[in-house]
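>>> only geometry, no sequence info:
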């Protein structure tokens, strides 16, 4: 299938998923080959979906490294931050999640994008955090809003 539909992101993702279910490691050669075959505009989608598959079927550390690589190139893509944060929330390590939220909210983003991240951060703290953490997030959001108005 990959030879016939080498420009299809879905076919490559199914191959990665199958490989992860069978072997659970050594998926990097498939990812590299897919990136050579796929058009450039499909790379981000493919890498992010592969990282999600790594979180679900493989080793979460490999998924983290894939997301970190994408975010290093595209730090202002809030959709990628959201996907990464969702995957980490499913794992449930609060220290890693809070560190990611701190990184994401410390970026200089437009107000509309940062508002989305602060809402997500606040919702997370309301479910798992205490009152002190909730107030911290609110205070940080207010400080960001004041600094952008000046």
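Nice, thanks for sending it over. Computed from a predicted model, the values in this text were never measured in an experiment.
>>> how about low-confidence regions in this structure?
Within the chain, the segments meeting pLDDT under 70 span 1-5, 150.
>>> and the residue most central in space within it, what are its phi and psi?
For the chain, the residue nearest the mean C-alpha position is residue 84 (2.1 Å; Cα atoms, centre = their mean). Per-residue torsions, residue 84: phi -60, psi -50 (degrees, to the nearest 10).
>>> give me the nearest residue to it, chain neighbours excluded.
residue 67 (4.4 Å; Cβ to Cβ, 6 or more residues apart in numbering). Quick note: C-beta positions are derived from backbone N, CA and C, even for glycine.
>>> spell out which helix or strand contains the one you found, please.
Element membership for residue 67, per DSSP states H and E: helix 60-73.
>>> now do the buried residues in that helix.
Buried positions in helix 60-73, judged by neighbour count with 16 or more other Cβ atoms under 10 Å: 60, 62, 63, 64, 66, 67, 70, 71.
>>> can you check stretch 99-111 too?
For stretch 99-111, by 16+ other Cβ under 10 Å, it's 100, 101, 104, 105, 109.
>>> state the distance from the residue lying closest to residue 13 once chain neighbours are set aside to residue 97.
Nearest-residue entry for residue 13: residue 49, 5.3 Å, with adjacent residues in sequence omitted and distances by Cβ to Cβ, 6+ apart. Distance from residue 49 to residue 97, counting by Cβ to Cβ, to the nearest Å: 21 Å.
>>> just residue 10 next, same as before
For residue 10, the distance to residue 97 - Cβ to Cβ - is 30 Å.
>>> please identify which of those two sits among more neighbours.
residue 97 (19 against 11; other Cβ atoms under 10 Å).
>>> what helix or strand is that one on?
helix 94-105.
>>> where's that helix relative to the chain centroid, distance-wise?
Distance of helix 94-105 from the chain centroid (Cα atoms, centre = their mean, to the nearest Å) equals 12 Å.
>>> just checking, what packs against that helix?
helix 78-91, helix 111-128, helix 131-149 (3 or more Cβ pairs under 8 Å, 6 or more residues apart in numbering; DSSP states H and E).
>>> what helices or strands is the last one leaning on?
Judged by 3+ Cβ pairs under 8 Å, 6+ apart, helix 131-149 is in contact with helix 94-105, helix 111-128.
>>> let's have the ones you listed in TSV, adding distance to residue 21.
Shown next, in TSV, are the helices and strands packed on helix 131-149 (distance: least, Cβ to Cβ, whole Å):
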stretch	distance to residue 21
helix 94-105	25
helix 111-128	30
